[in-house]
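*Asks:* Sequence first, then the predicted structure, then my questions.
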Amino acid sequence: MNARETELLLSALDEMNGLVSFVDRDRRYVVHNRTYEKWFGGGPGETRGRHMREVLGGEAYARVEEKVSAALAGVPQEFETEVPYRAGGPRVVHVRYVPRRDAGGNVEGFHVFVDDVTRRRESEEGLAQASELLKVFIEHAPVALAMFDREMRYVSASRRWLSDFKLAGPLEGRSHYELFPDMPEHWKEIHRRALAGEVLRSDEEPFRRADGTTQWLRWEVRPWRRGAEIGGLIIFSEDISERKRQVGALMESLESMVDTFPQLAWIAQPDGFIYWYNRRWYEFTGTTPKDMEGWGWQSVHDPKVLPRVLENWKASIATGRPFEMEFPLRAADGRFRWFLTRVTPFKDSEGRVLRWFGTNTDIHDKVELVATQTRDLRRYADELESFSYSAAHDLRAPLRRIGSFVELARDKAGAALPPAAAEHLATALSQVVKMSETIDGLLSLGRLTTQQMATEAVDLTGLAREIGGELRAGSPDRAVELAVEDGMKVRGDRKLLRILLQNLMSNAWKFTATAAAPFVAVERAGPGIFRVRDNGAGFDPEKISRLFQPFQRFHSQKDFPGSGLGLAICRRIVERHGGRIWADSKAGGGATFTFTLPEDGR
């Protein structure tokens, strides 16, 4: 090899990451790449011609001397060993010695290829340590726990696993299916699903052994991973046979006691499957245990109410919360009676439902009494409304006559009417108008108690802007700033809600008459909370307890005319929607009326 070829070879070797060199028969380095300098120190080329013992050090050379002799004898070598590294202590390396022969077939030296595998070795050792720790953890875990590879061969198992399933160890490498040759197919399907990535569990399941005995298990199966790939699965299992026996004994005692209850009673499994009813249930419904098995109880329910019963019952099963509801059940004679049904979960120390205990208490007579009272109240309300209309008609007739006579007297007298008399007649006419408004207000207040509500989605923003436009049209000479928030949507009776806003906004409009820069806002104050506020005359906060009572006025009729019924009507409307209304103010500092309504979609 000439000088140019040698230079090109060295240049190529320098681009390689590992250590590459050639050692002659005298065990001296003939050529090496630059990586040698990083490992063993020295300037460029200083390692060439030096003996391997000098470069590696006596201890490291002693570990490879036998391999060097074999390579010089013509036998390739491959091994891992530890060599010194000047920037960080010893390193683990993977080494290959490849003999080279001359034209006559004689070994003239060997090529050396060295790769640093320290990190790989450390990872393997760390993995081995972690694996050993995991095996120790599983072996000594206080529960039945086993780890399997993808072929369902045991990797490790706890002592409790061996005890619970009556197995003799060690199990490593043995097939789970060989140990349990009668493994049900549904369990094999569970294993397949877990190996596909699912996590599966059950709080209570029977496991029938080959000897005919049955174990009750609570279990969980989940995959374990090696990097991104599933390496196998882990099975946790708890033998709950004894607890199952104790619960069974408790239920038998409970069944014996409850069987004498005058109420209808029953017991269900955690999933809602009813497996026991007391005698009173069968006596009332006229059914048999076979009729009622599982979810057969639906047959004695009112079909119109059943969907809501199922919805609520399934929600309780899903959450573990108690169930309470009133609904009718069909008696043996085919007639329905109303019952109050309460269902209580029995839970273990970890909060898992073990059983559901339900009772159905007959409240039919009370329901009938309430229905009768409701009908009576409705009749009384109808009679009161009829009386109100009659009274209003009887009051309006003389008022109209009084008003007509006053106007006739004024018109006949004409210019001859003295000023004092004209003023008296004007006062009489204004009182007639006020009395008419009061009668209208009382009728409106009465109707709010009996009027049927038509609930729908209502755009409160649109209603407020519509009313604001009417107020502006009614007083074009006033410059009132009106701010209505976007997107206020509620559920309620559109006509009643319009009356509510009409009263509140009209009051705000009226009481800002003396404000320098009148301002009225209709806005949201929180979820389901709305308010109308202004910067008008306000009122004395000490009088606030009387604010929503009929005929309460905190300002003179001359300054701010009105019937004194508007806020009472507002309160009645809000309460009929299941909300409440309140006010904040100070004299001369404006007023804020806040009320709650069910928002649309809630």
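*Replies:* Sure, I can see it. Numbering: from 1, shown residues only.
*Asks:* drop to CA atoms for contacts and neighbour counts, all remaining ones
*Replies:* Fine.
*Asks:* ranges for the strands of the stretch 101-250 of the chain?
*Replies:* 107-116, 144-149, 154-157, 200-208, 214-226, 229-239 (DSSP state E, counting those that start in this stretch).
*Asks:* the strands in the stretch 351-500 of the chain, which residues?
*Replies:* With strands called from DSSP E, counting those that start in this stretch, the stretch 351-500 of the chain shows them at 353-362, 455-459, 481-484, 489-493.
*Asks:* Quick check: which of these is nearest to residue 267?
*Replies:* For the strands of the stretch 351-500 of the chain, proximity to residue 267 was assessed by C-alpha to C-alpha; strand 353-362 is nearest, at 4.7 Å.
*Asks:* Kindly calculate the angle that the closest one makes with strand 200-208.
*Replies:* 90 degrees (axes from the mean of the first three to the mean of the last three C-alpha atoms, to 10 degrees).
*Asks:* Report the buried residues of strand 353-362.
*Replies:* 353, 354, 355, 356, 357, 358, 359, 360, 361, 362 (16 or more other C-alpha atoms under 10 Å).
*Asks:* Need the worst-confidence member of these.
*Replies:* Minimum pLDDT across the buried residues of strand 353-362 is recorded for residue 354, with 82.
*Asks:* Is it correct that that one is in contact with residue 344?
*Replies:* No. At 10.9 Å, residue 354 does not count as touching residue 344 under the criterion of C-alpha atoms under 8 Å.
*Asks:* follow-up on the earlier one: would you convert the strands of the stretch 101-250 of the chain into TSV that also reports mean pLDDT?
*Replies:* Shown next, in TSV, are these (pLDDT from 0 to 100):
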stretch	mean pLDDT
strand 107-116	90
strand 144-149	86
strand 154-157	86
strand 200-208	77
strand 214-226	82
strand 229-239	86
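*Asks:* Throw these into TSV and include mean neighbour count, thanks.
*Replies:* Converted to TSV, the strands of the stretch 101-250 of the chain look like this (neighbours: other C-alpha atoms under 10 Å):
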stretch	mean neighbour count
strand 107-116	19
strand 144-149	23
strand 154-157	22
strand 200-208	15
strand 214-226	18
strand 229-239	20
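*Asks:* of those strands, which approaches residue 596 most closely?
*Replies:* Across those, closest to residue 596 is strand 200-208 (C-alpha to C-alpha), at 44.9 Å.
*Asks:* Give me the residues contacting the closest one.
*Replies:* Contact with strand 200-208 is made by 190, 194, 214, 215, 216, 217, 218, 219, 220, 221, 222, 240, as judged by C-alpha atoms under 8 Å, 6 or more residues apart in numbering.
*Asks:* In a markdown table: those, plus distance to residue 279.
*Replies:* Output for the contacts of strand 200-208, formatted as a markdown table (distance: C-alpha to C-alpha, whole Å):
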| residue | distance to residue 279 |
| --- | --- |
| 190 | 40 |
| 194 | 45 |
| 214 | 31 |
| 215 | 31 |
| 216 | 29 |
| 217 | 32 |
| 218 | 33 |
| 219 | 36 |
| 220 | 38 |
| 221 | 41 |
| 222 | 44 |
| 240 | 30 |
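*Asks:* Out of these, which comes closest to residue 312?
*Replies:* residue 218 (27.2 Å).
*Asks:* got the strands of the stretch 351-500 of the chain as TSV, with distance to residue 147 columns?
*Replies:* Formatted as TSV, those follow (distance: least, C-alpha to C-alpha, whole Å):
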stretch	distance to residue 147
strand 353-362	29
strand 455-459	58
strand 481-484	66
strand 489-493	57
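*Asks:* Wait, a strand at residue 569?
*Replies:* No. Using DSSP: H, G, I helix; E, B strand; the rest coil, the assignment for residue 569 is helix, not a strand.
*Asks:* how far away is it from residue 584?
*Replies:* 18 Å (C-alpha to C-alpha, to the nearest Å).
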